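# Test case, fold it:
(one chain, ligands or ions: 2)
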Amino acid sequence: MRTAAATAVATKYLAPDNAKVLAIFGAGGQARSHFQTMNKIHKYEEILVWNHTTENGEKFCKEISKTFKNVRFCSNAKEAASNADVIVLVVSSQTPVLKGEWLKEGVHVNSVGACRPTWREMDDECMNQCELYVDSREGALKESGDIIMCQPKKLINGEIGEVIDGRCKVDRNKKTIFKSLGIAAEDLAAGHLVWKNLGSEI
Ligand SMILES: NC(=O)C1=CN([C@@H]2O[C@H](COP(=O)(O)OP(=O)(O)OC[C@H]3O[C@@H](n4cnc5c(N)ncnc54)[C@H](O)[C@@H]3O)[C@@H](O)[C@H]2O)C=CC1
Ligand SMILES: O=C(O)C1=NCCCC1
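Ligands and ions are numbered 1, 2, ... in the order given. Prediction:
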C-alpha cells in the first residue's frame, strides 16, 4: 500500500487538476492497491484497464466494478493510453508497454514497474516528451532502465520531495512522469502509521 500511496501523492502534485480518465496498465497486486489510492486524489469519470492477458485484465475490471461502475478493459494499449489524463504503469514487463506517440497533452504517467537497470516500460519517445520526476535521484540513476537506457540521455527535473516542499516548480500543462522505485522514507511513514494505530496494544 505504501507504493500506491506514494504514487497518489505524486499524482496530486504533478497531474492536471481536472483529470477525468485514469488508465491502469497491469492487473496484479499493485494494480489493486493503486486503484484504491488513486481514487482518493481525483474523482475519475472512467477507468481504463490494459493488461497483456485479457483473462486477468477482465477479472480485475469485474472486481473493481463492484465499487467503481465506469471501468472498461482495453485489449489495445494505445486505446487506454490515448484517452487517459493519468496513467499508472504497474506491469512486470522488461520492454516498453507505453509509447510516447499515444500520450495526450498534459498527461501524467506514474511508472511503478521496470525497477531494474535493464528493464523498460516506457519507450524513448515517451521519456523524451515528458518532464521527469523521481522519488530519489540516486536510486533512479542506478535502478531505472527507462532512465539509464534512454537515448538521448534524460535529465531529471526533480525529486518529488523537492516538488512538495516548493524547491522545484511544476508546469501541470506539460506531460510528466513520476518514476517510482521505492524509498526508505515510505517504509518509515507506513511503519509509523501502523504503530500510531496500534495505540495502547504495544
Ligand atoms: N516502485 C515500487 O516501489 C514498486 C514497484 N513494484 C513493481 O511493480 C510491478 C508490478 O508489481 P505487482 O503488481 O506486485 O506484480 P504482479 O505479479 O501482481 O502483477 C504483474 C502484472 O504485470 C503483468 N505482466 C507480467 N509480465 C508482463 C509483460 N511481459 N508485459 C506486460 N505485462 C506483464 C501481469 O499480467 C500482471 O498484471 C513489478 O514490476 C514490481 O517489481 C512493486 C512494488 C514496489
Ligand atoms: O520498494 C519496493 O518495495 C520495491 N521496489 C522495486 C522493486 C520491487 C519492490
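# okay, CA-based contacts and neighbour counts for the rest of this
Fine.
# pLDDT below threshold where in this structure?
200-202 (pLDDT under 70).
# how about the residues of it near ligand 1?
3, 26-31, 51-53, 90-93, 112-115, 180-182 (Cα under 6 Å from any ligand atom).
# Residue 117 - nearest residue in space that isn't next to it in sequence?
The shortest distance from residue 117 to any non-neighbouring residue, by Cα to Cα, 6 or more residues apart in numbering, is to residue 145 (4.0 Å).
# Okay, strands next: where are they in the chain?
21-25, 46-50, 71-73, 86-89, 108-111, 131-134, 158-159, 176-179 (DSSP state E).
# Take those and write them to JSON lines, including mean neighbour count.
Putting those into JSON lines (neighbours: other Cα atoms under 10 Å) gives the following:
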{"stretch": "strand 21-25", "mean neighbour count": "26"}
{"stretch": "strand 46-50", "mean neighbour count": "24"}
{"stretch": "strand 71-73", "mean neighbour count": "21"}
{"stretch": "strand 86-89", "mean neighbour count": "28"}
{"stretch": "strand 108-111", "mean neighbour count": "27"}
{"stretch": "strand 131-134", "mean neighbour count": "24"}
{"stretch": "strand 158-159", "mean neighbour count": "20"}
{"stretch": "strand 176-179", "mean neighbour count": "28"}
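# want to throw the ones you listed into CSV with distance to ligand 2?
Below are the strands of the chain laid out as CSV (distance: least, Cα to the nearest ligand atom, whole Å):
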stretch, distance to ligand 2
strand 21-25, 16
strand 46-50, 21
strand 71-73, 25
strand 86-89, 13
strand 108-111, 11
strand 131-134, 13
strand 158-159, 16
strand 176-179, 11
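# contacting residues for the residue nearest to residue 117?
By Cα atoms under 8 Å, 6 or more residues apart in numbering, the contact list for residue 145 reads 114-120.
# for these, which one is nearest ligand 2?
residue 115 (5.0 Å; Cα to the nearest ligand atom).
# Which single residue of the protein ends up nearest ligand 2?
residue 182 (3.5 Å).
# To what extent is that residue buried, counted in neighbours?
18 (other Cα atoms under 10 Å).
# cool, the one 5 residues further on as well?
Close neighbours of residue 187, defined as other Cα under 10 Å, add up to 13.
# now swap in residue 13 and tell me
16.
# That one contacts residue 165, correct?
No - counting by Cα atoms under 8 Å, residue 13 sits too far from residue 165 to count as a contact (10.7 Å).
# Spatially nearest residue to residue 128 (excluding sequence neighbours)?
Nearest one to residue 128, counting by Cα to Cα, 6+ apart, is residue 154 at 7.0 Å.
# Ligand 2 contacts on this structure?
So far as Cα under 6 Å from any ligand atom goes, the chain lies against ligand 2 at 115, 181-182.
# so which of these comes closest to residue 22?
Distance to residue 22 across these (Cα to Cα) is lowest for residue 181, with 20.9 Å.
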